[in-house]
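> Pasting the sequence and the predicted coordinates here, then a few questions.
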Amino acid sequence: MTSQPPARSEAVAPASENVAALFDTPLATGPGRNTSLQKQLLSRLKHAILEGRLPAGARLPASRTLAEDLAVSRNTVSIVYDQLAAEGFIVPHRLGTRVAQLSLDPHIAAQAAKALGQKALAEAAAAAAAEDVSPPLASRRIQRLPATRHAARADETPLPFTPGVPALTRFPASTWRRTLERVMREAQPRHYHYGDPLGEPALREAIAGHLRISRGVRCDASQVVITEGAHEALILCVRLLTDPGDTVWMEDPGYRGAKAAFHSSDVRLHALRVDDEGIVIPEGLWERSPPKLVYVTPSHQYPLGSVLSASRRLDLIAQAGRHGAWILEDDYDSEFRHQGEPIAAMQGMVPDAPVVYVGTFSKTMFPALRLGFLILPTALATQARDALDELLRGGHRFEQLALADFIRSGQFARHLGRMRRLYRERQAALRDALAAHFDPAYAVIGERCGLHLTVRLDPAFPDKAIVAAAQREGIGPRALSSFALDPQPADNGLVIGYGDTDASRIPGLIKRLAAIVAAARSTSSD
């Protein structure tokens, strides 16, 4: 469906020179001249939009026109436009690409502009300074913990099409084994004791460095907490950030691990629907049912694959600040983006945002590693340190040290590059097979990122019955409806993982799955 352009701003003429005039210095000589022209152009356009110099409704010139005005290639401008559209800053339309309506308050606009590393307008900075927003507080639960601080102290192979499973046979096991053996050879007796509860300093430093470069996260090692995977990280966040009876908002359909973490606690869970721009927060809900915690997967919504738009990201940060809420950003499999540049983390959009960032190495390395992490805002990291010393015990020290070396040596980045290429190939094979064998009524969503595709089916095809039959035949998709707290007719479909399924096997498996789908419709019609 074609997006509708925002209303035209009467104060802004559509002429392309209004955009070109924003570049008072050439890209090659201005701020950021040591980075690529593409990144410079992207940064300057974002900055102009956030400051209001390109207001909502302003029409951008055609890519060819702007390329000529700026003396850059048209391909550079086209790539930048595609990225701005993917992040929700602009709205492409056949009548002309226009700036999206971000609905920013001055405080958030100024802070987001500053986060791009450039000087904000004086008016926006003054407005930001004038607004006194108190940071949200940590939960009373962690304040009751004693302030004692200790010294550094299935054998089954996954079925094909199981979501969330990386390419296990392509992991560089020999390189990892050598790294781990070297760490153990060089280990001292102290390494066999408990380590720092927050994790090995070397790994925390390596993670902070990687995230600053690859995900745009604003952090240093003091904010990093190592956990046993993302699931423990989520449970830990519930302990740190909520009290009994608090309200938690989460996406629906959404990640089942998050549902389990919240259901196991004593919070009230409020499910919010998801559309093409991510989580939808109904008007007035902040006042009617204010949350203490909002769980989102903004860079690649799981399982639907949408990207939380820039407008909604910034509005969510602003509203959370006003209402004393925390945002829990789960950066699920966003390292594997297949179209365009990676979507930057929401955590880095605004300095000192009330955002706790969650990540894991289960997809980028292998699930049995059981290593994940949290990035806490600086104030929260300080406030929660004593509680974390009580709740956690430093373990997996050799694996942590080996992973730190794996990242520092460049092996991790090279592995990610190989996996991105492999997953693009497997996703293309899956899409071709779906087009060849599935009924034309199906719809594929979530193809820009990750290790799975979601296929929406007509309600006449009962997804849970299809999944049960598929598993009996050795095929492992998941029912889309099983991800929903309050299933709707649109939540009928299949979540098909392709990460650990060789491309050569995909056509035959999809042909078998299509037959199972057809049989399920026939059975349900009887």
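Good, I have the coordinates.

> When you work out contacts or count neighbours from here on, use the C-alpha atoms and nothing else.
Will do.

> who touches the nearest residue to Pro163 once chain neighbours are set aside in this structure?
Excluding its sequence neighbours, the residue lying closest to Pro163 (Cα to Cα, 6 or more residues apart in numbering) is Gly497, at 3.8 Å. By Cα atoms under 8 Å, 6 or more residues apart in numbering, the residues touching Gly497 are Pro160, Phe161, Thr162, Pro163, Gly164, Val165, Leu451, His452, Leu453, Pro477.

> okay, the fifth one: pLDDT?
As summarised for this prediction, Gly164 has a pLDDT of 91.

> Assign a three-state SS to it, would you?
coil (DSSP: H, G, I helix; E, B strand; the rest coil).

> Tell me how many other residues crowd it.
Burial of Gly164 is recorded as 20 neighbouring residues (other Cα atoms under 10 Å).

> Name all residues that make contact with it.
When contacts are counted by Cα under 8 Å, 6+ apart, Gly164 touches Lys363, Leu451, His452, Gly497, Gly499.

> So the first one, which state does it fall into?
Spelled out, it's Lys363. With three-state DSSP as the basis, Lys363 sits in coil.

> That one reaches Asp333, doesn't it?
Yes: in terms of Cα atoms under 8 Å, Lys363 counts as a neighbour of Asp333; the distance is 6.6 Å.

> out of the two, which sits in the more crowded spot?
Neighbours per residue, other Cα under 10 Å: of Lys363 and Asp333, the larger number sits with Asp333, 24 against 21.

> Now do Val111 against Arg414, distance only.
For the record, residue 111 is Gln, not Val. Using Cα to Cα, to the nearest Å, one obtains 34 Å as the distance from Gln111 to Arg414.

> Comparing those two, which shows the higher neighbour count?
Gln111 (21 against 11).

> Can you point out the buried residues in the longest helix along the chain?
Once the chain is assigned using DSSP state H, the helix that runs over the most residues is helix 411-437. Within helix 411-437, the residues that qualify as buried are 411-413, 415-416, 419-420, 422-424, 426-427, 429-431, 433-434, 437, counting by 16 or more other Cα atoms under 10 Å.

> ranges for the strands of the stretch 351-500 of the chain?
Along the stretch 351-500 of the chain, the stretches classed as strands by DSSP state E, counting those that start in this stretch are 355-360, 372-375, 443-445, 452-456, 478-479, 493-497.

> what's the fifth one in contact with?
Contacts with strand 478-479, where a contact means Cα under 8 Å, 6+ apart, come from Thr162, Pro163, Asp463, Lys464, Ile466, Val467, Asn492, Gly493, Leu494, Val495, Ile496.

> average pLDDT across that strand?
Computed over strand 478-479, the mean pLDDT rounds to 96.

> Just checking: what are the partner strands of that strand?
The sheet places strand 478-479 alongside strand 493-497 (antiparallel), with pairing taken from DSSP bridges.

> May I see the buried residues of the very next helix or strand once past the strand it pairs with?
Proceeding C-terminally, strand 493-497 gives way to helix 506-525 as the next helix or strand, assigned by DSSP states H and E. Across helix 506-525, burial judged by 16+ other Cα under 10 Å covers Ile506, Pro507, Leu509, Ile510, Lys511, Leu513, Ala514, Ile516, Val517, Ala520, Arg521.

> Can you read off the pLDDT for the fifth one?
The predicted local distance difference test score for Lys511 is 96.

> what sits against it?
Here Lys511 is in contact with Ala433, His437, Phe438 (criterion: Cα under 8 Å, 6+ apart).

> again with the second one
Contacts for Pro507 were tallied using Cα under 8 Å, 6+ apart; they are Ala429, Leu430, Ala433.

> And for Ala206?
Ala404, Ile407, Arg408.

> Would you list the buried entries among those residues?
Neighbour counting with 16+ other Cα under 10 Å marks Ala404, Ile407, Arg408 as buried within the contacts of Ala206.

> TSV please, covering the contacts of Lys511 and showing pLDDT and distance to Ala71.
Shown next, in TSV, are the contacts of Lys511 (pLDDT from 0 to 100; distance: Cα to Cα, whole Å):
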residue	pLDDT	distance to Ala71
Ala433	96	43
His437	93	47
Phe438	89	47
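
> can I get those in a markdown table with distance to Arg53?
Conversion of the contacts of Lys511 to a markdown table gives the following (distance: Cα to Cα, whole Å):
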| residue | distance to Arg53 |
| --- | --- |
| Ala433 | 47 |
| His437 | 50 |
| Phe438 | 48 |
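
> quick one: low-confidence parts of the chain?
Scanning the chain with the threshold set as pLDDT under 70 gives 1-18, 20-34, 103-104, 106, 109-110, 113-114, 116-135, 138-155, 440, 522-526.

> Quick check: Ser311 touching Val99?
No: the pair formed by Ser311 and Val99 falls short of the contact definition of Cα under 8 Å, at 11.1 Å.

> of these two, who's got more company?
Val99 (25 against 17).

> if I read this right, the more buried one contacts Pro61, doesn't it?
No: taking contact to mean Cα under 8 Å, the distance of 11.1 Å between Val99 and Pro61 leaves them out of contact.

> Span of stretch 317-331 from start to end?
Across its full length, stretch 317-331 reaches 16 Å between end residues, using Cα to Cα.

> any residues touching the longest strand belonging to the chain, and which ones?
For the chain, the strand that runs over the most residues, judged by DSSP state E, is strand 268-275. Contacts with strand 268-275, where a contact means Cα under 8 Å, 6+ apart, come from 245-253, 262-263, 279-281, 306, 485-486.

> Note down every partner strand of it and its orientation.
In the sheet, strand 268-275 lines up against strand 247-252 (parallel), strand 278-279 (antiparallel) (DSSP bridges).

> List the buried residues in that strand.
Within strand 268-275, the residues that qualify as buried are Leu269, His270, Ala271, Leu272, Arg273, Val274, counting by 16+ other Cα under 10 Å.

> Would you reformat those as JSON lines and include distance to Arg397?
As requested, the buried residues of strand 268-275 are exported to JSON lines (distance: Cα to Cα, whole Å):
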{"residue": "Leu269", "distance to Arg397": "35"}
{"residue": "His270", "distance to Arg397": "38"}
{"residue": "Ala271", "distance to Arg397": "38"}
{"residue": "Leu272", "distance to Arg397": "39"}
{"residue": "Arg273", "distance to Arg397": "40"}
{"residue": "Val274", "distance to Arg397": "39"}
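
> Tell me which two of those sit farthest apart.
Taking every pair in these and measuring Cα to Cα, the maximum separation is 15.7 Å, between Leu269 and Val274.

> Now for Ser311 and Val99: what residues contact both?
Applying Cα under 8 Å, 6+ apart, one finds that Ser311 and Val99 are jointly contacted by Phe89.

> which residues are contacting whichever strand or helix holds Leu314?
Under the criterion DSSP H and E, the helix or strand holding Leu314 is helix 310-323. Outside helix 310-323, the residues within contact range by Cα under 8 Å, 6+ apart are 87-89, 100-105, 108, 133-136, 277, 286, 290, 298, 326-327, 346, 349, 353-355.

> Check stretch 348-361 too.
Under the criterion Cα under 8 Å, 6+ apart, residues 108, 111-112, 114-116, 135-136, 216-218, 229-230, 233-234, 314, 317, 320-321, 325-332, 347, 367, 369-378 lie in contact with stretch 348-361.

> what distance separates it from the centre of its chain?
10 Å (Cα atoms, centre = their mean, to the nearest Å).

> Now the terminal residues of it, how far apart.
End-to-end span of stretch 348-361 (Cα to Cα): 20 Å.

> sorry, back to before: adding distance to Ala387 as columns, could you present the buried ones among the contacts of Ala206 in a markdown table?
As requested, those are exported to a markdown table (distance: Cα to Cα, whole Å):
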| residue | distance to Ala387 |
| --- | --- |
| Ala404 | 25 |
| Ile407 | 29 |
| Arg408 | 30 |
